[in-house]
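1. sequence first, predicted model second:
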Amino acid sequence: MSPSASQPQFSSCATGNYPNATCVEAWHEFLCTTFVPLDYLPDRTHVPFRGQVRSMVSGQLHVSRISSSGGLAQRTQAGVSRASEEFILLSLQVRGRTIVTQQNRETVLTPGIAAFYDSTAAYSLRMPGDSEQIVLHLPRRLLERRTSWPCAKLATAVRPSMPFAQSMFCLAHQLARFEPDEGNSWISRTAEVVVELLSLLSETMSEESSSAARFAPRASDAALVRRANDLLAMHVSDSEFSPIHLAQRCGVSLRRLQHAFHTSGTTVSRRIWDSRLELAANLLTASSNASESITSIACATGFNDFSHFSRRLKERFELSPRDYRRGATV
């Protein structure tokens, strides 16, 4: 699977509804051919089963847009041992949720979040309901020539705020919207840029992992809290960013991070909520946001539920969001 970079190849598309076991088996076979050999179990609560794939190969990059009903895709150790080729894959969630598990790590992909996984080790992708992803698939050796490849990057959330991630996500969406009758030159050039961005993203994740590993053993409580606050400032608007995620970014256990925050007079959870509320307060009172709705500000600061946002802000500032904004203009 290595056509010339100047001649993109377009694979066939599998489309339609698959209401019985025979059709699910055909879908399973198509997935194994398109990606890597794996086992697939459909969620029988979603009937009829539906699946669709659009795939393209340009150079050594394989781009697919895949949507399906709920199910479980598993790359078993037996499948790994039978494989002759090694691939790195990255799934970017477009719709629904996917739970990626590999190397004793698990991350939940929601729209706009991605994760790497490696065909040389067992992994699973569980879709609790209807799901759609863009999958980037390329030879492992291609990334290994450009960057180190530590296991710490596997089944770890790749967020738009990470260096190079947002640019790579945008181009992946562009490639996934290809039409076979379009001119091929922009596709080849875009695919080359995506591979380069994947390498750069991988390298920055390696550096962050190494930095965290060096930092963690000798960090004092105060230094650890400062590092956590710096990282939190980068992810404060992410509603999925939890104490566990923060501990992982700091390269320490959740218990170690909790102890550090306890010595500073607070908890990890409270610090996360306080950071979101402080950002919300600033946005509510900024003159540049005067036309912005309170609901959109709540969403921009990591709150998925407006009533939760209103309750938290009132507990902190003793004013409702509307009164807090009004008070700033009086």
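-> Great, that's in hand. Since the structure is predicted, the reported quantities are computational estimates derived from the model, not experimental observations.

2. what about the helices in this protein?
-> Secondary structure of the chain by DSSP state H: the helices cover 21-34, 77-82, 140-146, 165-176, 185-215, 221-235, 243-250, 254-263, 268-285, 294-300, 306-317, 321-329.

3. my read: residue 111 touches residue 91, true?
-> No. Using CB atoms under 8 Å, residue 111 is not in contact with residue 91; the gap is 11.9 Å. C-beta coordinates here come from the backbone N, C-alpha and C atoms, glycine included.

4. of these two, who's got more company?
-> Taking neighbours as other CB atoms under 10 Å, residue 111 and residue 91 compare with residue 91 leading, 23 against 12.

5. buried sites along stretch 304-320?
-> By neighbour count on 16 or more other CB atoms under 10 Å, the buried set for stretch 304-320 is 309, 310, 312, 313, 317.

6. how about stretch 111-123?
-> Of the residues in stretch 111-123, those buried (16+ other CB under 10 Å) are 112, 113, 114, 115, 116, 117, 118, 119, 122, 123.

7. could you dump the residues you listed into TSV and include distance to residue 225 and pLDDT?
-> Listed next are these as TSV, based on distance: CB to CB, whole Å; pLDDT from 0 to 100:
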residue	distance to residue 225	pLDDT
112	29	92
113	26	92
114	29	94
115	28	93
116	29	93
117	33	93
118	34	91
119	39	90
122	37	92
123	34	93
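
8. now do stretch 95-115: distance from first to last residue.
-> 15 Å (CA to CA, to the nearest Å).

9. show me the shaky parts of the stretch 1-150 of the chain.
-> Along the stretch 1-150 of the chain, the model assigns pLDDT under 70 to residues 1-22, 45-47, 148-150.

10. try it again at 80.
-> 1-27, 30, 33-34, 43-50, 82-84, 143-150 (pLDDT under 80).

11. what segments of it are strands?
-> Per DSSP state E, counting those that start in this stretch, the stretch 1-150 of the chain carries strands over the ranges 9-10, 17-18, 39-42, 49-58, 61-68, 71-75, 87-95, 98-102, 105-109, 114-118, 123-127, 131-139.

12. just those: most buried one?
-> Mean neighbours per residue, mean count of other CB atoms under 10 Å, is largest over the strands of the stretch 1-150 of the chain for strand 114-118, with a mean of 25.

13. how distant is that strand from the center of its chain?
-> In this view, strand 114-118 has its centroid 8 Å away from the chain centroid, taken as CA atoms, centre = their mean, to the nearest Å.

14. list the contacts of that strand.
-> Residues from elsewhere that reach strand 114-118, judged by CB atoms under 8 Å, 6 or more residues apart in numbering: 75, 86-93, 100, 102, 107, 109, 123, 125, 140, 151, 153-158, 165, 169, 202.
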